[in-house]
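**Student:** All I have is the shape, not the residue letters:
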């Protein structure tokens, strides 16, 4: 019996690309602004959401 591989559905691919984009954005912010400003920005964003 042969097994065929099904391609991943579009939402799974989109979610993976979005996750990669978020990680790259975080690394870019960290490199550009430094750790202190990065964490303050992150904390302010989380506080605004909740």
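**Tutor:** Nice, thanks for sending it over. Please read all numbers here as calculations on a predicted model, not as lab measurements.
**Student:** only C-alpha atoms for contact and neighbour calcs from this point on.
**Tutor:** Will do.
**Student:** Would you mind measuring from the spatially most central residue of the chain to residue 49?
**Tutor:** For the chain, the residue nearest the mean C-alpha position is residue 22 (2.5 Å; C-alpha atoms, centre = their mean). The gap separating residue 22 from residue 49 is 17 Å, by C-alpha to C-alpha, to the nearest Å.
**Student:** Ok, residue 42 next?
**Tutor:** Look at residue 42 and residue 49: by C-alpha to C-alpha, they are 11 Å apart.
**Student:** higher neighbour count, the two?
**Tutor:** Between residue 42 and residue 49, residue 42 has the larger neighbour count (other C-alpha atoms under 10 Å), namely 13 against 7.
**Student:** residues contacting that one?
**Tutor:** Applying C-alpha atoms under 8 Å, 6 or more residues apart in numbering to residue 42 gives no contacts.
**Student:** So what's the model's average confidence on the helix or strand where it lies?
**Tutor:** Using DSSP states H and E, residue 42 sits in helix 10-49. Here helix 10-49 scores 89 as its mean pLDDT.
**Student:** Could I get the buried residue list for that helix?
**Tutor:** By neighbour count on 16 or more other C-alpha atoms under 10 Å, the buried set for helix 10-49 is 29, 38.
**Student:** So what's the gap between it and the chain middle?
**Tutor:** Taking the mean of its C-alpha atoms, helix 10-49 sits 6 Å from the chain's own mean (C-alpha atoms, centre = their mean, to the nearest Å).
**Student:** And stretch 4-14, by the same measure?
**Tutor:** Centre-to-centre, stretch 4-14 and its host chain are 19 Å apart (C-alpha atoms, centre = their mean).
**Student:** measure it end to end?
**Tutor:** End-to-end for stretch 4-14, by C-alpha to C-alpha: 23 Å.
**Student:** any idea how far residue 25 is from residue 9?
**Tutor:** Counting by C-alpha to C-alpha, the gap from residue 25 to residue 9 is 25 Å.
**Student:** shouldn't residue 38 be in contact with residue 28?
**Tutor:** No: counting by C-alpha atoms under 8 Å, residue 38 does not reach residue 28; the two are 9.8 Å apart.
**Student:** Many thanks, we can stop here.
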